[in-house]
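Chemist: okay, here's the prediction I keep looking at, along with the sequence it came from:
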Amino acid sequence: MAANASKNVRIGIVGAGVISEIYLENLTTRFGNTTVVGIADLLVERARDRAKNFGVGAFSVDELIQHPDVDIIVNLTIPAAHAEIALAAINAGKSAYNEKPLAISREDGRKLLETAAAKGVLVGSAPDTFLGGGLQSARAYIDEGIIGEPVAVSAFMLGHGMEAWHPDPYFFFQPGAGPLFDVGVYYVQAMASILGPVKRVTSIARASFPERTVGSGPKKGDTVPVNTPTHIVGALEFESGIVGSLGTSFDLWETSNSTLVVYGSEGTLRLPDPNTFGGPIQFLKGDSRRGQKWKDLPLTYGNTENSRGLGVWDMANAMQKGEKPRASGELGYHVLDVMTAVLESAVEGRHITIESTVERPDALPQ
Ligand SMILES: NC(=O)c1ccc[n+]([C@@H]2O[C@H](COP(=O)([O-])OP(=O)(O)OC[C@H]3O[C@@H](n4cnc5c(N)ncnc54)[C@H](O)[C@@H]3O)[C@@H](O)[C@H]2O)c1
């Protein structure tokens, strides 16, 4: 790890698609501890455009991964390429930070962690929304005991998927994406970071539509085959004994029931949408049928706007101080393990015990 406390950590971004814009914005101007050396993409023109707009270098993927001035490769490629790009970076002696999910198989996820440990570099993984002001504040309220002892959690992410607006929605309907890996991942990671690791899971799943139609951009009208479940309902048992219900769907038109709620022995906390960095947080003390009313709670942490890249900022901090990153590969691996087991359980019709575990990442300083 080349970084030290007095120097910015140097970033190379691989993947110049939709999400790269906000990363470039935040990593070039917002977080004071990172310098973006350059960007690369299989589609060279895309990387050149982004490079021009943000005043950074444009490189071939291999050039950037081997670049002597890069400390962290931020991997914003499609999920199926996450492991390959991160492994190349790690083998080149760089730390790697993947967009979610960490990888699309446990085997690839383990390989990343093991190779990084052998090379003495770090692995990190999005989502980093749990570091935002909304979820950090919610965690603090729960840790302070506002709802008493947590007993249950429900996480529902319901919608119709991305084919209407994303210009290239193919990957959303392939293994490694679908509603659980693509968006449910925010809910699973928020739960693991706030309530701790999951011990076992069970589920039922289906894919209601065999293909999807692209709704915007140059590929408008093309059809996309659906090769992964798109409606998944599961139950999670946490190591703490908390019981969770999890529903993720790209098959429904009704989205207003998408929520993350933690139920405690004395009250209930509605958490923010974990695919965002801000609020709101609402608290109910006691029983709503006996006159108790929901109350909005103030956010007590910053980073409430679109702070994608916060996990890279934290990893850069960790490198400078010799600490552990919060959006770590270990957390990303546990989340991958849980999501994989949820899909396996639907196929196998049985509970699946989760082999991995992880410590809750430390809360951010307030
Ligand atoms: N779009 C969003 O709103 C969003 C939000 C949060 C996270 N993400 C995550 O970010 C990642 C990228 O999503 P996106 O929406 O930007 O996708 P995208 O399809 O717009 O961009 C992906 C880019 O990666 C490039 N790429 C693919 N394989 C590559 C390889 N082997 N080497 C180099 N480049 C390669 C593609 O050419 C493309 O430009 C995904 O993991 C996704 O889950 C996306």
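Modeler: Perfect, I can see it now.
Chemist: the ligand versus A363, what's the distance?
Modeler: Here the criterion is C-beta to the nearest ligand atom, to the nearest Å. By it, A363 lies 23 Å from the ligand. For the C-beta atoms, the positions are set from N, CA and C on the backbone; glycine is no exception.
Chemist: hang on, that residue packs against A140?
Modeler: Yes. Counting by C-beta atoms under 8 Å, A363 does reach A140; the two are 6.6 Å apart.
Chemist: who's more crowded, the two?
Modeler: A140 (18 against 15; other C-beta atoms under 10 Å).
Chemist: what number of residues lie near the closest residue to the more buried one other than its chain neighbours?
Modeler: In space, and not counting its chain neighbours, A140 is closest to T300: 6.0 Å by C-beta to C-beta, 6 or more residues apart in numbering. Residues contacting T300 under the criterion other C-beta under 10 Å number 13.
Chemist: what do you get for G215?
Modeler: G215 sits with 16 neighbouring residues when counted by other C-beta under 10 Å.
Chemist: which ones are touching it?
Modeler: Contacts here follow C-beta atoms under 8 Å, 6 or more residues apart in numbering; on that basis G215 touches E163, A164, W165.
Chemist: give me the pLDDT for it.
Modeler: The pLDDT attached to G215 in the predicted structure is 95.
Chemist: same check, this time on D168
Modeler: 89.
Chemist: state the distance from it to S208.
Modeler: Here D168 is placed at a distance of 22 Å from S208 (C-beta to C-beta, to the nearest Å).
Chemist: for those two, indicate the residue with more neighbours.
Modeler: Taking other C-beta under 10 Å, D168 and S208 do not tie; D168 has more neighbours (17 against 12).
Chemist: contact partners for that one?
Modeler: Contacts for D168 (C-beta under 8 Å, 6+ apart) come out as G17, V214, G217, K219.
Chemist: can you check E99 too?
Modeler: When the contact criterion is C-beta under 8 Å, 6+ apart, the partners of E99 are G15, I19, N75, L76, T77, P79, H82, A126.
Chemist: from those, which are also near the ligand?
Modeler: By C-beta under 6 Å from any ligand atom, the members of those lying near the ligand are G15, I19, L76, T77, P79.
Chemist: if you rank those residues by neighbours, which is first?
Modeler: Using other C-beta under 10 Å as the neighbour test, the ones next to the ligand among the contacts of E99 are led by G15, with 28 neighbours.
Chemist: what about E305, neighbour count?
Modeler: Other residues lying near E305 total 12 when counted by other C-beta under 10 Å.
Chemist: ah, wrong one, I meant S240
Modeler: Each residue near S240 was counted by other C-beta under 10 Å, and the total is 14.
Chemist: and the one 4 residues further on, by the same measure?
Modeler: The criterion is other C-beta under 10 Å. On that basis, G244 has 20 neighbouring residues.
Chemist: that one touches F156, doesn't it?
Modeler: No. Under the criterion of C-beta under 8 Å, G244 is not in contact with F156, lying 11.0 Å apart.
Chemist: shaky segments in the protein?
Modeler: Low-confidence segments of the chain, defined by pLDDT under 70, are located at 1-6.
Chemist: spatially central residue in it, please.
Modeler: Nearest to the geometric centre of the chain sits P127, at 2.0 Å (C-alpha atoms, centre = their mean).
Chemist: just confirm it is within a helix.
Modeler: No. With the criterion set as DSSP: H, G, I helix; E, B strand; the rest coil, the secondary structure at P127 is coil rather than a helix.
Chemist: list the contacts of it.
Modeler: K100, V185, Y186, Q189, A190, P274, N275, G311, A327.
Chemist: mind listing the helices for this structure?
Modeler: In order along the chain, the chain carries the following helices (DSSP state H): 20-25, 44-54, 61-66, 82-91, 106-119, 133-144, 178-179, 185-195, 310-321, 329-348.
Chemist: returning to what we had before: pick the one among the contacts of P127 closest to N26.
Modeler: G311 (10.8 Å; C-beta to C-beta).
Chemist: what sits closest to the residue of the chain found nearest the ligand if chain neighbours are left out?
Modeler: When you check the chain against the ligand by C-beta to the nearest ligand atom, the closest residue turns out to be G17, at 1.7 Å. On the basis of C-beta to C-beta, 6+ apart, the spatially nearest residue to G17 that is not a chain neighbour turns out to be L76, at 6.6 Å.
Chemist: same question for P79.
Modeler: By the measure of C-beta to C-beta, 6+ apart, the closest residue to P79 outside its immediate chain neighbours is G176, 3.8 Å from it.
Chemist: just the strands in the stretch 251-366 of the chain please.
Modeler: Per DSSP state E, counting those that start in this stretch, the stretch 251-366 of the chain has strands spanning 259-264, 267-271, 281-285, 295-297, 352-353. These are given in chain order.
Chemist: do the same with the stretch 101-250 of the chain
Modeler: Listed from the start of the chain, the stretch 101-250 of the chain has strands (DSSP E, counting those that start in this stretch) covering 123-125, 150-158, 198-206, 211-213, 223-225, 231-238, 243-249.
Chemist: so which of the ones you listed is the most packed in?
Modeler: Mean neighbour count (mean count of other C-beta atoms under 10 Å) peaks for strand 123-125 among the strands of the stretch 101-250 of the chain, with a mean of 30.
Chemist: correct me, but A205 touches H231?
Modeler: Yes. With contacts counted by C-beta under 8 Å, A205 reaches H231, the gap being 6.5 Å.
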